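Asker: Fold the stuff below for me.
(chains A and B)
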Number of protein chains: 2
Amino acid sequence: MNGTVETKDFQPIERLAIIGIGLIGASIALGARKRGLARHIAIADRSPTNLARAEELGLGDSYHAGADAAVKDADLVICCVPVGASGDVAREIARGLMPGAIVSDVGSVKGSVVAQMAPHLPKSVHFIPGHPVAGTEFSGPDAGLPDLFVKRWCILTPPDDVDESAKERLIGFWTALGAMVECMSAEHHDLVLAITSHVPHLIAYNIVGTADDLEAVTESEVMKFSAGGFRDFTRIAASDPTMWRDVFLNNREAVIEVLGRFTEDLIALQRAIRWGEGDKLFDLFTRTRAIRRGIIDLGQETEAPDFGRGGER
Amino acid sequence: MNGTVETKDFQPIERLAIIGIGLIGASIALGARKRGLARHIAIADRSPTNLARAEELGLGDSYHAGADAAVKDADLVICCVPVGASGDVAREIARGLMPGAIVSDVGSVKGSVVAQMAPHLPKSVHFIPGHPVAGTEFSGPDAGLPDLFVKRWCILTPPDDVDESAKERLIGFWTALGAMVECMSAEHHDLVLAITSHVPHLIAYNIVGTADDLEAVTESEVMKFSAGGFRDFTRIAASDPTMWRDVFLNNREAVIEVLGRFTEDLIALQRAIRWGEGDKLFDLFTRTRAIRRGIIDLGQETEAPDFGRGGER
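Answerer: Model prediction:
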């Protein structure tokens, strides 16, 4: 558990292009630099503020307002933009891409990204969508962390006819960043993420909104007594609004499918409360503990009693 | 914000009786001992295992299988049992209570506790219900933390005709434990906690159950990719099943009222996703950030990017 990464076997990328330098783009840049995974890191961002800040922070070796200039001669291009901007980026980089380049992304939705990007990309590049399942509730270039991906999963959704050596190269890059890699179809990815990420975020946003609207309880009371559980929802509901809007608009079907099940289950629980069916509640509350245990055992969570945070310090 | 507590002005309790030695009872015992707030701590628990463990941990000065023996000569009695057991405890301690004693509790629901306990308590004692809004996802005597209440709120719901000196005494005790105290009606408490604690817990339990039931996504996938947001829900959904069953059964009306609003809001969000109304989503996701900011400013949360936990270590 000491965070060491075996990078010996990884032959550095000659030129890595990162399109979009927010939390994830900056973390890839910092992680690649720290581990010597790329000889040159080219950074592009359509926001002059973000680009200037990336340069101040020294995240890359060259900085470009146009994504087409950044991807020139790049052997690995990673698009790190909100999912809704994927199509525009693909159109913009298409003319600059080198034959044989690997093009990937980090979007939280994969089906929509493929639909948006694939039509614009030349047949001479290897398009392998990706999604590192890692992040914090912060955003922007300052939010980058070089070890953000260590011990986290990165999902790749290669097409059926993927070039195996390109796939291995991309797996090698993420592994060298510290991640564990799993491949699956874009469709399955979108369903898995709907339950593990998208719907939990929507629910968190929703309850914070419901609380804010309650006339009988003041905002000050909500904040003061938030240690009872609400606090954890506000952390999730503080994530980047643009990114999340795009996630929901672009993973509509899977999100609505999982939300339907969630609401059905919740209404059954509400009915159990109304009718005093304590056994049904107790059974669910016991079953959920086992899943928590499994996540800790997998190293995806720490065991410290975090509810009491602040109290012990 | 350095956690120092002014205990100089607090005249120690002669005999403090703690009925039920779980997470909260043990934390009161440890906190009172650390700060010299009680000359004698008498502990009762109907579970022989918990009582023996409390004695091994040296949490008190005397240990009693019967609550009636523990409360004998006690000037402050705090019942720390699941809400559903409050009536039984009141019946059991009634015969042992000293005239003038203060009787309080720590239940997450107040209206039901008053209804269960008040009829059994003699008129000669001061019954002032309480609820420290603090906890962790762990339970049992081993889970106690002496500083659990530091900088956390403790809500008291004194009756209209409360004896002012008894109220001040109880406020002084909680303040000496490090807590901030606020008084309100039992009814208002139950509504405030429904939104800040009870419904968030129910939602967390519910989504963990929904995930577990999804046929198309394996349990292993749910656990592996939980860093995307789901993980935080499992932490909440690992709390004590008995305690939470009792909370929902005993705060039925407020929970169902808040749940109704939550579901209504969620269905409106689902509709916005279905119809591609990105602005509605963006507006909510922006508004919720401000509440998070307020909670951090109030010192009820830390600012560290906790989503990335494990990654930085």
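Asker: so who does A:F149 touch?
Answerer: By C-beta atoms under 8 Å, 6 or more residues apart in numbering or on different chains, the contact set of A:F149 is A:27-28, A:31, A:132, A:134, A:174, A:177-179, B:311. The C-beta positions use only the backbone N, C-alpha and C, and glycine is treated the same way.
Asker: Where does pLDDT dip in the stretch 101-250 of chain A?
Answerer: For the stretch 101-250 of chain A, no stretch is flagged by pLDDT under 70.
Asker: Can you show me the strands along it?
Answerer: For the stretch 101-250 of chain A, the strands defined by DSSP state E, counting those that start in this stretch occupy A:102-105, A:126-127, A:130-132, A:153-156, A:180-183.
Asker: For those, give me JSON lines that also has mean neighbour count.
Answerer: Formatted as JSON lines, these follow (neighbours: other C-beta atoms under 10 Å in any protein chain shown):
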{"stretch": "strand A:102-105", "mean neighbour count": "25"}
{"stretch": "strand A:126-127", "mean neighbour count": "22"}
{"stretch": "strand A:130-132", "mean neighbour count": "25"}
{"stretch": "strand A:153-156", "mean neighbour count": "23"}
{"stretch": "strand A:180-183", "mean neighbour count": "16"}
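Asker: Tell me which of those approaches chain B most closely.
Answerer: Checking the strands of the stretch 101-250 of chain A against chain B by C-beta to the nearest C-beta gives strand A:153-156 as the closest, at 5.5 Å.
Asker: for the closest one, packing partners?
Answerer: Packing partners of strand A:153-156 (3 or more C-beta pairs under 8 Å, 6 or more residues apart in numbering or on different chains; DSSP states H and E): strand A:130-132, helix A:164-176, strand A:180-183.
Asker: Repeat the analysis, applying 6 Å as the threshold.
Answerer: Judged by 3 or more C-beta pairs under 6 Å, 6 or more residues apart in numbering or on different chains; DSSP states H and E, strand A:153-156 is in contact with strand A:130-132, strand A:180-183.
Asker: ok, A:F10 touching A:G172?
Answerer: Yes: the criterion here is C-beta atoms under 6 Å, and A:F10 meets it with A:G172 at 5.2 Å.
Asker: Tell me how many other residues surround A:P82.
Answerer: Neighbour count of A:P82, defined by other C-beta atoms under 10 Å in any protein chain shown: 20.
Asker: again, but for A:G228
Answerer: For A:G228, the count of nearby residues is 24 (other C-beta under 10 Å).
Asker: and it, what does it touch?
Answerer: By C-beta atoms under 6 Å, 6 or more residues apart in numbering or on different chains, A:G228 lies in contact with B:133, B:196-197.
Asker: Also within reach of chain A: list those from those.
Answerer: Under the cut-off given by C-beta under 6 Å from any C-beta of the partner chain, chain A has B:133, B:196-197 from those close to it.
Asker: tell me the mean pLDDT over the longest helix seen in chain A?
Answerer: Longest helix of chain A, by residue count under DSSP state H: helix A:252-274. Average pLDDT, helix A:252-274: 97.
Asker: Show me what that helix packs onto, helices and strands only.
Answerer: Contact partners of helix A:252-274 among helices and strands, from 3+ C-beta pairs under 6 Å, 6+ apart: helix B:199-213, helix B:252-274.
Asker: how does it look with 8 Å?
Answerer: Counting contacts by 3+ C-beta pairs under 8 Å, 6+ apart, helix A:252-274 packs against helix A:186-193, helix A:199-213, helix A:278-297, helix B:199-213, helix B:252-274.
Asker: Send me the first one as PDB with only the CA atoms.
Answerer: It refers to helix A:186-193. C-alpha atoms of helix A:186-193 as PDB (Å, rounded to 0.1, in the frame of the first residue of the first chain):
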ATOM      1  CA  ALA A 186     -19.500   1.000 -23.800                       C
ATOM      2  CA  GLU A 187     -23.100  -0.100 -23.200                       C
ATOM      3  CA  HIS A 188     -22.200  -2.100 -20.100                       C
ATOM      4  CA  HIS A 189     -20.000   0.700 -18.800                       C
ATOM      5  CA  ASP A 190     -22.900   3.100 -19.000                       C
ATOM      6  CA  LEU A 191     -25.100   0.900 -17.000                       C
ATOM      7  CA  VAL A 192     -22.500   0.100 -14.300                       C
ATOM      8  CA  LEU A 193     -21.700   3.800 -13.900                       C
END
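Asker: A:G36 - how many residues pack around it?
Answerer: By other C-beta under 10 Å, neighbour count at A:G36 equals 11.
Asker: For the closest residue to A:H131 other than its chain neighbours, give me its contacts.
Answerer: In this structure, A:H131 finds its nearest non-sequential neighbour in A:I155, 4.8 Å apart by C-beta to C-beta, 6 or more residues apart in numbering or on different chains. Contacts for A:I155 (C-beta under 8 Å, 6+ apart) come out as A:110, A:130-133, A:181-184, A:189, A:192, B:225.
Asker: per-residue confidence at A:A29?
Answerer: A:A29 is assigned a predicted lDDT (pLDDT) of 98.
Asker: helix, strand or coil for it?
Answerer: Three-state call for A:A29 (DSSP: H, G, I helix; E, B strand; the rest coil): helix.
Asker: Wait, it touches A:I43, no?
Answerer: Yes: when contacts are counted by C-beta atoms under 8 Å, A:A29 is listed as touching A:I43 (6.7 Å).
Asker: For the stretch 1-150 of chain A, list the residues in contact with chain B, please.
Answerer: By the rule C-beta under 8 Å from any C-beta of the partner chain, the part of the stretch 1-150 of chain A lying against chain B is A:1, A:3, A:108, A:133-138, A:143, A:145, A:147-150.
Asker: Can you tell me which of those are buried?
Answerer: Buried residues within the residues of the stretch 1-150 of chain A next to chain B, counting neighbours by 16 or more other C-beta atoms under 10 Å in any protein chain shown: A:108, A:133-138, A:143, A:145, A:147-150.
Asker: Farthest pair within these?
Answerer: With distances taken as C-beta to C-beta, the most widely separated pair in those is A:S108 and A:D147, at 20.3 Å.
Asker: Indicate which one of the helices and strands packed on helix A:252-274 is closest to A:E92.
Answerer: A:E92 lies closest to helix A:186-193 among the helices and strands packed on helix A:252-274, at 22.1 Å (C-beta to C-beta).
Asker: anything in that closest one near chain B?
Answerer: Yes: remark: helix A:186-193 sits within contact range of chain B at A:188, A:191-193, by C-beta under 8 Å from any C-beta.
Asker: For A:F285, give its distance to A:I18.
Answerer: Using C-beta to C-beta, to the nearest Å, A:F285 is found at 44 Å from A:I18.
Asker: neighbour count winner among these two?
Answerer: Per other C-beta under 10 Å, whichever of A:F285 and A:I18 has more neighbours is A:I18, with 30 against 24.
Asker: part of a strand, is that one?
Answerer: Yes: using three-state DSSP, the secondary structure at A:I18 is a strand.
Asker: can you count the residues close to the residue nearest to A:K167 when sequence neighbours are not counted?
Answerer: Using C-beta to C-beta, 6+ apart and skipping the chain neighbours, the partner closest in space to A:K167 is A:P158 (5.2 Å). Neighbourhood size, A:P158 [other C-beta under 10 Å]: 22.
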